[in-house]
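**Student:** here is a sequence with its predicted model. Questions after.
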Amino acid sequence: MTAPTAPPVGDNVRAPAAERIGPLEVVGRVVVAGGEPRCHRAWPGAEVAANGDLVVAYKEGSTHHLVDDEVVFVTRSADGGRTWERRALAGLPGRGYWTAHGLTRLASGDLLLRINFGWHGESTAENPRGRWCSTAMTRSSDHGRQWQEFGPIADLPPLDPRMHLSYGRAWELADGRIIAPFYGNPRGEPDKNARSVVVAYSSDGGLTWGDCVLVHDHHKDPSLCASETDLLQLPDGRLMVVSRANAKLSLYRAYSEDEGRTWSALEPTGLPGQCPAITLLASGAILCLYRDVTEDQLGVGVGISRDLGQTWEAVGHLYRGPNKDCAYPSPVLLEDGTVFTPYYTSAEPRRATGSCEIHGVRLREV
């Protein structure tokens, strides 16, 4: 794989002077998707294609899930982020389509993208949320230019089929199966705010996901309300998840020593965040980017672990914004050891209904 070259300095990229965030240095910043028309651009997922292109999937819509008009776009850069080629991927009238961190390049070179979609309806006794959310999959065999028709809607037995979502990177196991995290309302649970987390397995390249295991069962521990969960394969062979614990406004982590069949209990990391995205750095340290929900530090927070996730240190911010409608980073390690991550800026002039952009940052360890 040929990694993208260092981002050139041009109209769309700037290289700040000695901008440091803990053990990381900012190499450059870029606007991935922005400008006119002003709209709500959010929830990017990034990956490096087999040909070295940077690929970012994200959504555009008028609001933050208030109107069912969201469309998924995929944008690609063959010049390290200077220019981006954009095309619409998924959207239908009366439906909202969106993605997030989790775009994954498989060993075959194909890109696997899990897309969430949903719509609003009347609140009923059977569905008090008045909203339906599900997940389907698509793949690209040409570095993100063309995408296959959606596979079947994921059906995960522990989760309510009317409310389950994908978030977090998928991984290929030694036997060729793919494992990926999902979360949603527990099946049969009347509390619309309850959440459980599962990992699911696919034996057909990500088309269907039948076999799944609970990582966090809301019925056994309702104190966390765990939702968005990222997954990482560690150098020692274990799997680690980092989860958003809504009830704690913090991130929690757990481990599996048997390829996800059993999990330790979720334990606090001390990072005050949501929407975690984790990656292994060239040094062996683990980088965790997240939405910092500390009231006077809203933005994209940066956490570092040097002991495979046992302990964490919050070292600073990639971005600071005026409100919580921002962040959702998606870091990817490039072949030269640097990290590229997109995120979305705070919606302005107000959260949920304002406009925002997809920006990117390239980092290196120092």
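**Tutor:** In hand now; what should we look at?
**Student:** contacts and neighbour counts: CA atoms only from here.
**Tutor:** Fine.
**Student:** packing partners for the strand or helix carrying Ala314?
**Tutor:** For Ala314, the host element (DSSP states H and E) is strand 313-320. Under the contact definition 3 or more CA pairs under 8 Å, 6 or more residues apart in numbering; DSSP states H and E, strand 313-320 sits against strand 20-21, strand 299-305.
**Student:** so of those, which one's packed in deepest?
**Tutor:** strand 299-305 (a mean of 25; mean count of other CA atoms under 10 Å).
**Student:** partner strands of it, parallel or antiparallel?
**Tutor:** Using DSSP bridges, the strands paired with strand 299-305 are strand 286-292 (antiparallel), strand 313-320 (antiparallel).
**Student:** what's the most buried one of the ones you listed?
**Tutor:** Compared across the strands paired with strand 299-305, strand 286-292 shows the largest average neighbour count, a mean of 27 (mean count of other CA under 10 Å).
**Student:** how many residues are close by the nearest residue to Arg131 once chain neighbours are set aside?
**Tutor:** Spatial nearest neighbour of Arg131, chain neighbours left out: His120 (4.4 Å); criterion: CA to CA, 6 or more residues apart in numbering. His120: 17 surrounding residues under other CA atoms under 10 Å.
**Student:** so who does His120 touch?
**Tutor:** Listed by CA atoms under 8 Å, 6 or more residues apart in numbering, the contact partners of His120 are Asp68, Gly130, Arg131, Trp132.
**Student:** tell me which element the first one is part of?
**Tutor:** Counting by DSSP H and E, no helix or strand carries Asp68.
**Student:** that one touches Trp119, doesn't it?
**Tutor:** Yes: here Asp68 reaches Trp119: they are 5.8 Å apart, a contact under CA atoms under 8 Å.
**Student:** neighbour-wise, which of those two wins?
**Tutor:** Taking neighbours as other CA under 10 Å, Asp68 and Trp119 compare with Asp68 leading, 21 against 18.
**Student:** okay, and for the stretch 101-250 of the chain, where does confidence drop off?
**Tutor:** 127 (pLDDT under 70).
**Student:** in it, which spans are strands?
**Tutor:** Secondary structure of the stretch 101-250 of the chain (DSSP state E, counting those that start in this stretch): strands at 104-105, 111-120, 131-140, 159-166, 171-172, 178-186, 196-202, 211-216, 226-233, 239-245, 250-256.
**Student:** next one: the closest residue to His64 other than its chain neighbours from Phe117, what distance?
**Tutor:** Distances taken as CA to CA, 6+ apart place Ala352 nearest to His64, at 4.6 Å, with adjacent residues excluded. Going from Ala352 to Phe117 by CA to CA, to the nearest Å gives 18 Å.
**Student:** now Pro342, nearest residue through space, not along the chain?
**Tutor:** Pro342's closest residue in space is Gly360 (CA to CA, 6+ apart), at 4.0 Å.
**Student:** dump the residue contacts of Tyr97.
**Tutor:** Lys59, Asp69, Glu70, Val71, Val72, Ala90, Gly91, Ile115, Asn116, Phe117, Gly118.
**Student:** closest to the centroid, which residue in the chain?
**Tutor:** His101 (1.7 Å; CA atoms, centre = their mean).
**Student:** ok, it touching Val55?
**Tutor:** No: at 12.0 Å, His101 does not count as touching Val55 under the criterion of CA under 8 Å.
**Student:** shared neighbours of the two, anything?
**Tutor:** Ala46.
**Student:** from Glu365, how far off is the closest residue to Gly309 other than its chain neighbours?
**Tutor:** Excluding the flanking residues, the one nearest Gly309 by CA to CA, 6+ apart is Ile286, at 7.0 Å. Using CA to CA, one gets 12 Å for the distance from Ile286 to Glu365.
**Student:** do Pro128 as well
**Tutor:** Distance of Pro128 to Glu365, computed by CA to CA: 48 Å.
**Student:** who's more crowded, these two?
**Tutor:** Glu365 (17 against 13).
**Student:** how far does stretch 19-38 stretch from one end to the other?
**Tutor:** 29 Å.
**Student:** from the chain's centroid, how far away is it?
**Tutor:** 17 Å (CA atoms, centre = their mean, to the nearest Å).
**Student:** please renumber the chain so that the first residue is 50 from this point on.
**Tutor:** Okay, residue one is now 50; in that scheme the one you just asked about reads as stretch 68-87.
**Student:** now the farthest one out in this protein, which residue is it?
**Tutor:** Within the chain, the residue lying farthest from the chain centre (CA atoms, centre = their mean) is Ala174, at 31.6 Å.
**Student:** doesn't Ser190 make contact with Gly158?
**Tutor:** Yes: assessed by CA under 8 Å, Gly158 is found in contact with Ser190 at 7.1 Å.
**Student:** about what we covered before: max pairwise distance over the contacts of His169: which two?
**Tutor:** Farthest-apart pair in the contacts of His169 is Asp117 and Gly179; separation 12.8 Å (CA to CA).
**Student:** may I have the secondary structure class of Gly101?
**Tutor:** Using DSSP: H, G, I helix; E, B strand; the rest coil, the structure places Gly101 in coil.
**Student:** pretty sure it contacts Ala127?
**Tutor:** Yes: with contact defined as CA under 8 Å, Gly101 counts as touching Ala127 (7.3 Å).
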